[in-house]
Every structure is written in C-alpha cells, then in structure tokens.
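# With the sequence up front, the predicted model follows.
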Number of protein chains: 2
Amino acid sequence: MSEFDHDVLGIGNAIVDILSRCDDAFLEAQNLPKGHMQLIDEAEVDRLYSVMGPATEISGGSAANTIAGLASFGAQSAFIGKVSNDQFGRIFSHDIRSIGVTFENEPAANSKPTARCLVLVTPDGERTMNTYLGSSVELGEDELKPDLVQKSRILYLEGYLYDPPEAQRAFHRAAELAKEAGARVALSLSDSFCVERHRGAFLSFIRSQVDVLFANEDEIKSLFQTDSFEEATRMATESCDLAALTLGPAGCVVATPGTRAEVAAEPVERVVDTTGAGDLYAAGFLFGLSRNCDLETCARLGGLAAAEIISHIGARPETSLEKLARARNYIS
Amino acid sequence: MSEFDHDVLGIGNAIVDILSRCDDAFLEAQNLPKGHMQLIDEAEVDRLYSVMGPATEISGGSAANTIAGLASFGAQSAFIGKVSNDQFGRIFSHDIRSIGVTFENEPAANSKPTARCLVLVTPDGERTMNTYLGSSVELGEDELKPDLVQKSRILYLEGYLYDPPEAQRAFHRAAELAKEAGARVALSLSDSFCVERHRGAFLSFIRSQVDVLFANEDEIKSLFQTDSFEEATRMATESCDLAALTLGPAGCVVATPGTRAEVAAEPVERVVDTTGAGDLYAAGFLFGLSRNCDLETCARLGGLAAAEIISHIGARPETSLEKLARARNYIS
C-alpha cells in the first residue's frame, strides 16, 4: 500500500469551453441534439463558431471540472490531460494550476490544437455541447505519470475519454496502477451517446476495475439497456461496489450491494447554466469519500457543489465549496 | 451632409479581458492601483497572469464595450480597432461581429499579439485593470475606414487611445472627417491616470473637436485640475456642448452651457463586477442621443445599461438592453 499524497487524481479531456446563449430555435436550425454532447471536427467547430453568438471562454473538461471542484473543497488533487502549445492550452494550464491542482503535463508540440467545446446554453439553463477534441484525444500511456497515479487515494476517470482507443488503453493501465497501489477507481459515464458507442467495453471495464460509478438516469438506463431506473440501479450494484446515480432536480440515489439511499437535491434559486452539474456532483461526492464521510453526506456534498455550479455561467466553482460545506455543517 | 447608415462608430482598443477574482491583499502584494487601469508590457502580463487565479476570457475594450451595448439597444453600430491574427484576435472579431456590429478591420499580420487586459475583481465588485496593449496600440490612420466614419451619425472615441501618438493622429483625422460629414464627436476620458498623462492634448482636442464629453468625477476633476466637482462641471460646459458626468452609485450630472440636470442611478440588487460601467453608461446615453431623446432620458438609458453590466461578470451585456429599456418605458 502506497502512502497517498493526493486525494483524487482525475484523467480526462483538457478542454476550454466557449459558452454562448442561444434559443431553442437555433439548436433546431443547426440540428444540435439538445442536452447532449456531440463530437465535431475542426471544420465544423469553425463553422458553428462563426454562426453562434458572443461567447465567454472558461476552462472546462468533465474530469477537470471535477478536480477543480475538489480543489475548491480543499482536497489535494491532480489532473492528467493533454493540451497543445497554443492560447487555449495556456488558458487551461493556468486555470487548473492557479487553484493548486497538480498538473504536470507539458503542452504537446506538433499536435492538433487544444480541445474546445462550444457550449450553447438555452434560456432554461440546459447546455448542448459540441466538442472538438483536438490534442486531448491524443492522450496515451506516455502521458500517464505512473507516480502520480500510485500516490492518489482515488483515481477518477472520465467516460468521454473512452472514445479514442489510445486513451482507453491509458485508462486501463491507470486503473491497474491504482489497484496495485490500493487506490479506489471511480468512473463517470459522461453521456448516454458515449455509452451507446462503447457499451460493451464500459461494462467489462466496470465489472473488472471500477469501484465507484457515477451516472445520470439516461446513462445508467442506456448502459444496462433497460427502461426501468430501478432495474438499472440494481444491475449497477451487481457490477461495482458503489453507484452514485443523479436524477437532476430530483436529487440522487446512492446504491451499494444491499443498500439504497435517496438524497434530495440542494435547492437552487435560479438555474442559469447546467454545464458541469454532473462533474461537480462527482467532486462533492469524491471529496466526501476521501474524508471517509458516510454515503448520504457524500451525496449531500455532491448536491451542494452541483447547486453552486448551475447558479452561474461556466463549470468551475466561483465560491469556495469548502466554506459552503462548512456553513451547512456537512463537514467540520 | 452625408446620409448616415450607422448610428454610432466607436474607435478604441480591441482587447480581450481576462477576468479573475482576488482579494484586496493580492492587489496590495502586487502593488496594483485599485480601481484604475495601468499599462503593462508583455513580460509583466505574463508574470501577473502566472500568479493570479483562474480566469474567464470575455471580449472587452472600452469603446468596443460601448458599441456592443449600442448593438444590444438595437442601434446600427460599427467599430474600428486593431487585432492580430491570433486566438484572442479571433475571439474579439467573432464576438463583436456576432452581435451585428460592422467590424471591417482584418487581423494584422506581423504585428504584436492582440491586446489583453488582466481585470482583477475584488469582493466589493471594484475592478483593477492591467492592460497589455499589443497590436491595438498600433492603430493608425491606415486603419481608419473614412467611408465608415463619414456614414456614422456619432463618432465615439476612447480616451485610452490617447496614449500612442499614431492613434492620436488617427483620432484627430477621424474627428475631422466626422465634422465634415456633419456628425457629432463624442469622447470618453477613460481614466484619471490617462488624463494626467495627456491633459494638455485632451483639453485642446475637446475644445476644438468634441461635442459630447463622458467622464467620471475623478477624471473631470483631474482634467480641470480642481477639487470641486461643481467647478469642473462648469469648466466642462465652457469647453464643449454637452458633458455627461458619472458619479457611480450617486448617478450622474448632465450639463450643457446654461443647463444642469442630476439623474439618480438605476438601483442594482448586487454589484458583482463594475467592469464596463462607464462604457455601458455611454452606450445608453449615445443610444438616446441617436434617437433624439431628451437629455434626462439619455442619462436614464445610460444608467439602465450600467446597472445591467455591473450585476454580472464581464463588460458586455447579457440581456437585451432594448427589451430592458422598453420595459421601463424609456423608449417606445
């Protein structure tokens, strides 16, 4: 068993979000699947950018948002992801390092541009994402930093990275290294389209390597090909030790083999932008796990972080999550 | 007299803002003059960026923000400024064009990088700006687009551009062209440090060419070297036809030779970030002028736009100012 000097290490796509407001008619006219993430190529990212409204650039990336949330809770966290030597790469690297996260990957030379995600936010606060993966998709075993993997109490993996085969191999290697060190492996399913693309590979990875699974209702039902959330929950607990399943405004279900708890969502005055809600739920939950909180407290910490993130534009916290959690007596 | 096809043309620095929160102790430790704008070089922008917190990138620039505000009111507006062929140049150009503003300047080749401003926002909502002018400082007569100048009802000039001598010459030429076309010339003093640097040149330009002067209390007192706001107001009306002088939460004074009106500020629930307050006041005021509103209505439109901008991060409107103005019956 290693001595851990980090609470959580996240591996995922290093992305800068380009957020813009639009109406539903724009999504329809552009044929964009509302509420989902779709992968687009460089020509399409340029085309869509040229027709969309004025934007705000903020560092994003699913696991990176989770890690930023963990830093805001006061956890020691680290991130592995691939950026290029361009302006968006500098923005991503600055933002994550400036909050105290260990991020050792140097910008890649001679690679595609840094990934960007055109996030279109409709008046209901829902976000529709269009991701050009750029260099982040080229993450492979070379970028892994085995030392960092083995010194982190929890390894957190982003399902979106299951698209490129190189990154899948890096995932499996990281999970092996974490297991050897006695760390826990957590996975987020990320998106139901992503689950559709890789159902078999996800299932076998979850059954063999994953301790903690994060998913929303659509994703878990898609994974187990059932219309029943109850059945999907039961099947999840047959596949891994712990499943944290989010239900949007209805809160979440935390299930283990033999236990099942429902936790209400944190109330939110006004939903401005749901970008990052799932990522920040995972941040709070993992923070609780790293502090050995009971599972209901983990879920409440997740809900608290999600509530903060959806009350403003962007998927990185604007308020200290540690202070919020103390104010609610979720942590002492 | 030309036929005008634009309501307002703005000329100013084309800048992308890099906004980050910090506390007062950080400003003190970094020796930054709170509430002011200071010019910094490329080495300093890199150094300060490396020590500041996570940021959000949003298009900015004083006159450019004003022009974006005018577009949000539904005015036909145009902008002249210089960007480079880099990521920030693409962001600036996209954002201003995507709101319907005429922006014909192509990215400059072989020039310095696009200008950026590190904006540090303290918990009281005050902003402290650190600007690397990059290529925007190279604006000269070549970038002027005389056609555009002569087809705009109002020419709006940003005082910050008074720093580089080339840009000063471009200003004077633009003002001449506007006058020939029967247009009005408006100027914002921008910053009291800027006024200190160029008092004599500002005064002679105002007396000879400026019809409408925008300034806050510090700036107008600095211009006329007096501690009395009343005296500064009187001196302003001796120098130009119309002075719109802002007093922060105390509203504004609109003065002409022989008249003086005080208009209260628009109430704001919570001041989040004062970046752009003066720029957006000018937007509302100029919109009113372009629609031949009475001066008190112009001032109210200015206050309304300023109130919108200080209630969120960033200096570009997030809500349709036209709709806000209609809801208040300021315009029909």
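Alright, I've got the coordinates. Numbering: from 1, shown residues only, chains lettered A, B, ... in the order given.
# Near chain B, which residues of the stretch 51-200 of chain A are found?
By CB under 8 Å from any CB of the partner chain, the part of the stretch 51-200 of chain A that sits against chain B consists of A:52-59, A:68, A:86-88, A:91, A:94-96, A:98-99. (Each C-beta comes from the backbone N, C-alpha and C, glycine too.)
# mind redoing it with 10 Å?
The stretch 51-200 of chain A has residues A:51-59, A:68, A:71-72, A:86-88, A:90-91, A:94-99, A:101, A:113-114, A:116 near chain B, with proximity defined as CB under 10 Å from any CB of the partner chain.
# Give me the subset of those residues lying in helices.
A:Val51, A:Ala68, A:Ala71, A:Ser72, A:Gln87, A:Phe88, A:Arg90, A:Ile91, A:His94, A:Asp95, A:Ile96, A:Arg97 (DSSP state H).
# pLDDT added to these, as a markdown table?
Formatted as a markdown table, these follow (pLDDT from 0 to 100):
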| residue | pLDDT |
| --- | --- |
| A:Val51 | 97 |
| A:Ala68 | 98 |
| A:Ala71 | 98 |
| A:Ser72 | 98 |
| A:Gln87 | 96 |
| A:Phe88 | 97 |
| A:Arg90 | 97 |
| A:Ile91 | 98 |
| A:His94 | 98 |
| A:Asp95 | 98 |
| A:Ile96 | 98 |
| A:Arg97 | 98 |
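# which of these tops the neighbour count?
Neighbour counts for these peak at A:Ala68, which has 30 neighbours (criterion: other CB atoms under 10 Å in any protein chain shown).
# so the residue lying closest to that residue once chain neighbours are set aside, which of the three states?
Distances taken as CB to CB, 6 or more residues apart in numbering or on different chains place A:Arg316 nearest to A:Ala68, at 4.8 Å, with adjacent residues excluded. Secondary structure of A:Arg316, reduced to three states by DSSP: H, G, I helix; E, B strand; the rest coil: coil.
# Repeat that for A:Val185.
Per three-state DSSP, A:Val185 ends up strand.
# tally of neighbours for it?
When neighbours are counted by other CB under 10 Å, A:Val185 comes out with 24.
# Quick one: residues contacting the nearest residue to A:Asp17 once chain neighbours are set aside.
Take A:Asp17 and drop its neighbours on the chain: the residue closest to it by CB to CB, 6+ apart is A:Gly60, 3.5 Å away. For A:Gly60, the contacting residues are A:13-19, A:68, A:92, A:95, A:115-117, A:119, A:129, A:131, A:275-276, A:279, A:314-316, by CB atoms under 10 Å, 6 or more residues apart in numbering or on different chains.
# Show me what the strand or helix carrying A:Ala43 packs onto, helices and strands only.
In the assignment (DSSP states H and E), A:Ala43 maps to helix A:42-51. Helix A:42-51 is packed against strand A:15-21, strand A:115-121, strand A:127-132, helix B:87-97, with contacts defined by 3 or more CB pairs under 10 Å, 6 or more residues apart in numbering or on different chains; DSSP states H and E.
# Briefly note if the last one comes near chain A.
Yes: using CB under 10 Å from any CB, a contact is recorded between helix B:87-97 and chain A, made by B:Gln87, B:Phe88, B:Arg90, B:Ile91, B:His94, B:Asp95, B:Ile96, B:Arg97.
# Could you report the distance from the closest residue to the second one other than its chain neighbours to B:Ala108?
The shortest distance from B:Phe88 to any non-neighbouring residue, by CB to CB, 6+ apart, is to B:Thr114 (3.9 Å). Separation of B:Thr114 from B:Ala108 (CB to CB, to the nearest Å) stands at 9 Å.
# out of the two, which sits in the busier spot?
B:Thr114 (29 against 21).
# A:Ala201 is in contact with A:Tyr162, isn't it?
Yes: between A:Ala201 and A:Tyr162 there is a contact at 6.7 Å, judged by CB atoms under 10 Å.
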